[in-house]
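**Q** sequence unknown, structure follows:
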């Protein structure tokens, strides 16, 4: 036993029952451990008293949603076309596509966040990815038609025309899709 402090003062943390602690919430007196303690200007508080919550999300109105979707669509098509002309820049253009769509939509929606904006932004990033592949296909030096592409999708010539490389393409597409997912959640 140490001077002045007894083992009686030690209790189980309310949020982590396997952790013993002497720390208490400065507001309600609940036993808390250092992992769940939230430092505030008036001392350590439990997560309930510190009001630890996520950022608020809003249901955007139809006019604001339409404005943000239109703004995001312009960015998605422009970046998709640029990606089609410069496919070797795919890492940078994946970042520009994801951030461009998300931030332009956020700006048009007065920096609101929500599920409707998230779904719309992900859809617009997919639109940008499709536009990039269509632009690449328009530069088709092999004379392949859309029917050739649909009937012979595994043919190496078709993969060459669309510059399809499975792993990098999926990684860069995922990168572009994760950005609006995180931005609007």
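**A** In hand now; what should we look at? The structure displayed is predicted, hence computed values, not measured ones.
**Q** Please tell me the pLDDT value assigned to residue 131.
**A** Residue 131 is assigned a predicted lDDT (pLDDT) of 90.
**Q** Apologies, that question was intended for residue 178.
**A** Here, the pLDDT recorded for residue 178 equals 91.
**Q** so what's it closest to, chain neighbours aside?
**A** In space, and not counting its chain neighbours, residue 178 is closest to residue 98: 7.1 Å by Cβ to Cβ, 6 or more residues apart in numbering. (Glycine included, C-beta is placed from N, CA and C.)
**Q** how much space is there between the one you found and residue 180?
**A** 6 Å (Cβ to Cβ, to the nearest Å).
**Q** Spell out which residues are contacts of both of those two.
**A** residue 125 (Cβ atoms under 8 Å, 6 or more residues apart in numbering).
**Q** before we move on, back to that, for the residue nearest to residue 178, what are its contacts?
**A** 125, 175, 176, 177, 178, 179, 180.
**Q** Nearest residue to the last one in space, ignoring adjacent ones along the chain?
**A** Spatial nearest neighbour of residue 180, chain neighbours left out: residue 121 (3.4 Å); criterion: Cβ to Cβ, 6+ apart.
**Q** how much space is there between the one you found and residue 88?
**A** 26 Å.
**Q** host element of the residue nearest to residue 180?
**A** Assigned by DSSP states H and E, residue 121 belongs to helix 115-138.
**Q** Tell me the confidence at the nearest residue to residue 100 once chain neighbours are set aside?
**A** Nearest residue to residue 100, sequence neighbours excluded (Cβ to Cβ, 6+ apart): residue 75, at 4.4 Å. pLDDT recorded at residue 75 is 95.
**Q** so who does residue 75 touch?
**A** Residue 75 neighbours (Cβ under 8 Å, 6+ apart): 97, 100, 101, 104, 124, 128.
**Q** 10 Å instead?
**A** For residue 75, the contact set (Cβ atoms under 10 Å, 6 or more residues apart in numbering) comprises 96, 97, 99, 100, 101, 102, 103, 104, 105, 124, 125, 128.
**Q** Next one: it from residue 124, what distance?
**A** Applying Cβ to Cβ, the value for residue 75 to residue 124 is 8 Å.
**Q** and for these two, which residues touch both?
**A** Contacts common to residue 75 and residue 124, judged by Cβ under 10 Å, 6+ apart, are 97, 100, 101, 102, 104, 105.
**Q** Now, those residues that are in strands?
**A** Members of the shared contacts of residue 75 and residue 124 lying in strands (criterion: DSSP state E): none.
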